[in-house]
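Student: Provided below are the primary sequence and the corresponding predicted coordinates.
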Amino acid sequence: MITAKILKASSKDIRKIIDIEELSYKDPWPREVFIMDYLFNSSALYYIAKTKNKIVGFIGIWLESTRLHIINVAVHPEYRNEGVGTQLLLFAIDYAKERKFKEVSLEVRKSNENAIRLYKKLGFEVVEDLKAYYQDGEDGYRLFKNIEET
Ligand SMILES: CC(C)(COP(=O)(O)OP(=O)(O)OC[C@H]1O[C@@H](n2cnc3c(N)ncnc32)[C@H](O)[C@@H]1OP(=O)(O)O)[C@@H](O)C(=O)NCCC(=O)NCCS
């Protein structure tokens with residue numbers, strides 16, 4: 001178990017975030033998309049998980065009117081299964097609670113069983129089947145966690 005500090009990402013952290021993204025997905029976001037989202041999307045916020053002064057994971061959230069949408073969450077492969085992903089997700093859930101959002105949402109590939117198990121453990125429920133949602137044609141799920149009920 002790793003205890004990480006969750007901190008707001010600064011522009012100097014973007015390079016490391018992109019490294020983790022590229023190690024985590026077969027279809028990572030292109031670097032430019034990341035940088036554009038970080039710099040110019042006024043409803044996007046990025047947070048990093050830091051342990052021993054090393055960035056080991058990140059979460060990207062979009063603040064929609066009544067919903068906090070988790071656009072991305074990833075942990076460096078060498079630091080997985082040590083609770084860092086849970087800490088990042090709990091941070092986002094607390095953020096949503098404190099600001100009185102109604103729900104937290106995210107999408108996930110159907111094949112991403114580890115992530116789905118983790119989301120369900122944290123109280124997310126499948127609300128929609130997303131047919132051929134990903135560029136390679138894979139189906140996804142949309143999950144919600146209702147904040148008002150908790
Ligand atoms: C999904 C992800 C962020 C989880 O981060 P993490 O730091 O490994 O997660 P945690 O250690 O907090 O949680 C582990 C939980 O996830 C599941 N899990 C994670 N890795 C697992 C593995 N190799 N085998 C089985 N279960 C696993 C378990 O439910 C475990 O729960 P437990 O605490 O009861 O054991 C990480 O695996 C990742 O970066 N994956 C690649 C990117 C990705 O798929 N992101 C989600 C896109 S929607």
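Tutor: Received it, and whenever you're ready, just let me know what you need.
Student: hey, let's count contacts and neighbours off CA atoms from now on
Tutor: Fine.
Student: And the helices in the protein?
Tutor: Here the chain has its helices, by DSSP state H, at 14-24, 31-40, 84-98, 113-121.
Student: Identify the residues contacting residue 75.
Tutor: 20, 24, 56-58, 84-85 (Cα atoms under 8 Å, 6 or more residues apart in numbering).
Student: sorry, back to before: dump the helices of the chain into CSV; add mean neighbour count, mean pLDDT and distance to the ligand as well.
Tutor: Putting the helices of the chain into CSV (neighbours: other Cα atoms under 10 Å; pLDDT from 0 to 100; distance: least, Cα to the nearest ligand atom, whole Å) gives the following:
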stretch, mean neighbour count, mean pLDDT, distance to the ligand
helix 14-24, 18, 97, 4
helix 31-40, 14, 93, 15
helix 84-98, 18, 98, 3
helix 113-121, 14, 97, 4
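Student: I'd like those helices as TSV, with distance to residue 127 appended.
Tutor: Shown next, in TSV, are the helices of the chain (distance: least, Cα to Cα, whole Å):
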stretch	distance to residue 127
helix 14-24	25
helix 31-40	26
helix 84-98	18
helix 113-121	12
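Student: ok, and for stretch 68-85, which residues are buried?
Tutor: Judged by neighbour count using 16 or more other Cα atoms under 10 Å, the buried positions of stretch 68-85 are 68-76, 84-85.
Student: Between which two of those is the distance greatest?
Tutor: 68 and 76 (23.4 Å; Cα to Cα).
Student: Tell me what angle the worst-scoring helix or strand of the chain on mean pLDDT forms with helix 14-24.
Tutor: Here the helix or strand of the chain ranked lowest by mean pLDDT, DSSP states H and E is helix 31-40, holding a mean of 93. Counting by axes from the mean of the first three to the mean of the last three Cα atoms, to 10 degrees, helix 31-40 lies at 140 degrees to helix 14-24.
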